[in-house]
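**Q** no sequence on hand, only this structure:
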């Protein structure tokens, strides 16, 4: 594959709408902090970096509109026309999504029945709502993914974009991140005591915490060949990337920064660069005691002798910590720095911390020609991400892409009841109905290491453990992708209601980090010791499929030895009573799901493991049109099976132009819980291992989500 | 300090910090709360400080003084009893 070119960038930050406005203000040393309304109880105001520009965007949630403006800029700069967008995919990273609009309804939902207008505000609550809104507005048709790795979300989105391009699933990918200031995050970080009393001062010896901001940043990525062929301006190359989890603590980095060292080194290696080639690091630099010390130590270790030469700065001292947007906004800034040959400063930095010696940039930017630059991001839950960008004039140093390998499934563990579509099926764990899991999910985990786990987290953790054990995989270097529709809404409501009543002072500090959607994958990775890329995907209608696709991407990109895809639905009073209906999910709601381990065929062979089955094909998540278009035909129609989940007529329409139409077909019904298909993949893997079929296609044909996954016997 | 206060604090710890594998009465008065012992961490310290302030109206000092107060249940009880008396 040719290099990944950045042909468009767009950003909206407190410093201005537009990447130029933002970057010019950064270089000038402007800081965008001001008092915002935080809470209804004293203290009512809190310092933050709000976006104050008028947003030139259609009506939608604040996240919708912030993203819209950033994407419109990226498209314009990339000289992309509307018809190109049919060949584009969209990857969005966010940590709170439409919380701003939803929280006013959620915090009182226990006290009074929400009015119709209030219910409408909840439509934007699922994390994927913004992604769907954007895809519709811009006519993006090749597919979408919504990802949450807390404060690394926006950077992880850019990494996921790479495989969309490498596999040819899309010609263009818009990848970025967005988050809006809201009471949940303002009060949550406040409760944790890590909000600075005055504007944040990243890397300063007397730093007192972070200051929150909001915004959106997007990159338009395409292969170099594609960009050259259409004569598009190449602004920079995304030439290296790494994602990994620390498996250490939900909110604190390892003090010595060792996992961060490994991530940055791995990103440089993937770019074929050494610290000698790097001129600038746009650091995560939140301004908190722990992050900045660990990160500064890590950077000084990685840069070694070069630390005296390489510029390091954090943009958060000027535009705040934009959470899920940060990784993407800062990637945009890094590209601007390369393009303009200018290094932005660290706002508020006066006396650098003594823990590590770095070449900081205080007060104002400096002009300096830059060849390559790093952007780092580290999130709650322990997932970190490093991106390497090179100037457009740089030589192609990327090592030749590895041969695309076949993927296999080596471990599978289901939970709950499934329709008996594969002959001879027995229920998992003796579960015979799908209305509720009868097992006490928490009882199966060590109590002292699973404090504050909710049922979903507990269930995911022990299914992932079972799948790993079935595959004979140790957790080190293994990825985890948890796909879900909703996280624990009930817990969020309790947190918000308490803040509304009693103020930030009595908010539950230990509860807040568990409310980030990626807390499920983060907690499971810490409990089990998984240190590969760890993330949550949020996809209302195709949770298991997006987890499967992203986990497969992590393996294909060589970011892990193996990956676990997991998805589990459990009851939540508010999802069951309100959100599921509102989102057009089925009324009858049950519990269940499972986990699968994915690795390359050669990895399984090296470990002397016989795979359960082959993962032959996964359709791009949320692609428009024919999900079967790129699926391989059945190798032998007589020994294959099609399992339909959802609407049979819709499935028939998809199948009729395909060779899969001749294959025998069974219906698994409408899906009594969101993660049903994950349980079905587990069942299919077992049926294929037992050679009851040679190939199984699962065709999801729901009104708002279609997908196709093909599994085959391992030979 | 009263046994009643000790038990109240232990109940608060079990409830607020989601300690599922121990009854309040099983927590040793003098065992360290953080690190070894109950295995509590910095997030738990914040949660406990908030809960003690809410239930007893007694703030927990920040920094090293706070660490001394959180050394054990008896140290915490002594702090609460002292603050109540002087308040």
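**A** Arrived safely. Here the structure is a predicted model, which means the values were calculated and not measured. Numbering: from 1, shown residues only, chains lettered A, B, ... in the order given.
**Q** do the lowest-mean-pLDDT helix or strand in chain B and chain A meet?
**A** The helix or strand of chain B with the poorest confidence is helix B:64-69; it has a mean of 87 (mean pLDDT, DSSP states H and E). No - figure legend: helix B:64-69 not in contact with chain A (CB under 8 Å from any CB of the partner chain); closest approach 11.2 Å. (Each C-beta comes from the backbone N, C-alpha and C, glycine too.)
**Q** wait, residue A:368 sits on residue A:342?
**A** Yes - counting by CB atoms under 8 Å, residue A:368 does reach residue A:342; the two are 7.1 Å apart.
**Q** more neighbours, the two?
**A** Neighbours per residue, other CB atoms under 10 Å in any protein chain shown: of residue A:368 and residue A:342, the larger number sits with residue A:342, 19 against 13.
**Q** list the contacts of the more buried one.
**A** Residue A:342 is in contact with A:23, A:27, A:336, A:365, A:366, A:367, A:368, counting by CB atoms under 8 Å, 6 or more residues apart in numbering or on different chains.
**Q** excluding chain neighbours, what is closest to the fourth one?
**A** The shortest distance from residue A:365 to any residue that is not its chain neighbour, by CB to CB, 6 or more residues apart in numbering or on different chains, is 3.5 Å, and that residue is residue A:27.
**Q** residue A:464 now?
**A** Nearest to residue A:464 is residue A:595, by CB to CB, 6+ apart, at 4.7 Å.
**Q** re earlier: of the contacts of residue A:342, buried ones?
**A** A:23, A:27, A:336, A:365 (16 or more other CB atoms under 10 Å in any protein chain shown).
**Q** distance of the second one from residue A:341?
**A** Applying CB to CB, to the nearest Å, the value for residue A:27 to residue A:341 is 11 Å.
**Q** tell me the SS of the most far-flung residue of chain A relative to its centre?
**A** Going by CA atoms, centre = their mean, the residue of chain A most distant from its centre is residue A:638, 39.5 Å out. Three-state assignment for residue A:638 (DSSP: H, G, I helix; E, B strand; the rest coil): helix.
**Q** next one: residue A:8
**A** Strictly by three-state DSSP, residue A:8 counts as strand.
**Q** would you mind listing what in the stretch 501-650 of chain A touches chain B?
**A** Within the stretch 501-650 of chain A, the positions near chain B by CB under 8 Å from any CB are A:502, A:505, A:506, A:507, A:508, A:509, A:510, A:511, A:513.
**Q** actually, the stretch 151-300 of chain A.
**A** A:191, A:192, A:193, A:249, A:250, A:251, A:252.
**Q** for the chain, give me the ranges with low pLDDT.
**A** You didn't pick a chain, so chain A it is. Applying pLDDT under 70 to chain A flags residues A:1, A:398-403, A:423-432, A:586-588, A:671.
**Q** the chain in question should be chain B.
**A** B:1, B:87.
**Q** tell me which two of the buried ones among the contacts of residue A:342 sit farthest apart.
**A** A:336 and A:365 (10.6 Å; CB to CB).
**Q** so which helix or strand takes in residue 48?
**A** Just so you know, I chose chain A. Under the criterion DSSP states H and E, the helix or strand holding residue A:48 is strand A:45-48.
**Q** wrong one, I was asking about chain B
**A** Using DSSP H and E, residue B:48 falls in helix B:42-56.
**Q** is chain A contacted by that helix?
**A** Yes - against chain A, helix B:42-56 shows contacts by CB under 8 Å from any CB at B:42, B:43, B:44, B:46, B:47, B:50, B:53, B:54.
**Q** can you give me the buried ones in stretch A:567-578?
**A** Buried, per 16+ other CB under 10 Å, within stretch A:567-578: A:567, A:568, A:569, A:570, A:571, A:572, A:574, A:575, A:578.
**Q** ok, those residues vs residue A:261, which is closest?
**A** residue A:567 (32.4 Å).
**Q** list the contacts of that closest one.
**A** Going by CB under 8 Å, 6+ apart, residue A:567 touches A:482-484, A:543-544, A:547, A:593-595, A:674-675, A:677-678.
**Q** who does the stretch of helix or strand it belongs to pair up with?
**A** Element membership of residue A:567, judged by DSSP H and E, is strand A:562-569. In the sheet, strand A:562-569 lines up against strand A:478-484 (parallel), strand A:592-600 (antiparallel) (DSSP bridges).
**Q** how far off centre is that strand?
**A** Relative to the chain's own centre, strand A:562-569 is displaced by 14 Å; criterion: CA atoms, centre = their mean, to the nearest Å.
**Q** tell me the first helix or strand C-terminal of it.
**A** With DSSP H and E, the next secondary element past strand A:562-569 is helix A:573-574.
**Q** contacting residues around that following helix?
**A** Under CB under 8 Å, 6+ apart, the answer for helix A:573-574 is A:106, A:109, A:489, A:490, A:493.
**Q** and the contacts of residue A:567 as CSV, adding neighbour count and distance to residue A:119?
**A** Compiled in CSV, these are given as follows (neighbours: other CB atoms under 10 Å in any protein chain shown; distance: CB to CB, whole Å):
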residue, neighbour count, distance to residue A:119
A:482, 36, 27
A:483, 32, 25
A:484, 30, 22
A:543, 30, 22
A:544, 32, 27
A:547, 31, 28
A:593, 34, 27
A:594, 32, 32
A:595, 34, 34
A:674, 31, 20
A:675, 30, 25
A:677, 30, 28
A:678, 32, 29
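**Q** ok, residue A:133 - contacts?
**A** Per CB under 8 Å, 6+ apart, neighbours of residue A:133: A:60, A:61, A:64, A:124.
**Q** my guess is the third one contacts residue A:135. True?
**A** No - checked against CB under 8 Å, the pair residue A:64 and residue A:135 is beyond contact range at 11.2 Å.
**Q** compare the two (neighbour count), which wins?
**A** Taking neighbours as other CB under 10 Å, residue A:64 and residue A:135 compare with residue A:64 leading, 26 against 23.
**Q** how far away is residue A:596 from chain B?
**A** Residue A:596 sits 29 Å away from chain B, taking CB to the nearest CB, to the nearest Å as the criterion.
**Q** for residue A:11, which three-state class applies?
**A** Residue A:11 - assigned by three-state DSSP - is strand.
**Q** if it is in a bridge, with which residues?
**A** Beta-bridge partners of residue A:11, as defined by DSSP bridges: residue A:217.
**Q** closest one of the residues of the stretch 501-650 of chain A next to chain B to residue A:320?
**A** Lowest distance from residue A:320 to these (CB to CB) belongs to residue A:513, with 19.1 Å.
**Q** in a strand, residue A:86, correct?
**A** No - under three-state DSSP, residue A:86 sits outside any strand and is assigned helix.
**Q** list the residues that contact the closest residue to it other than its chain neighbours.
**A** Excluding the flanking residues, the one nearest residue A:86 by CB to CB, 6+ apart is residue A:141, at 4.6 Å. Residues in contact with residue A:141 (CB under 8 Å, 6+ apart) are A:85, A:86, A:87, A:88, A:135, A:623, A:624, A:625.
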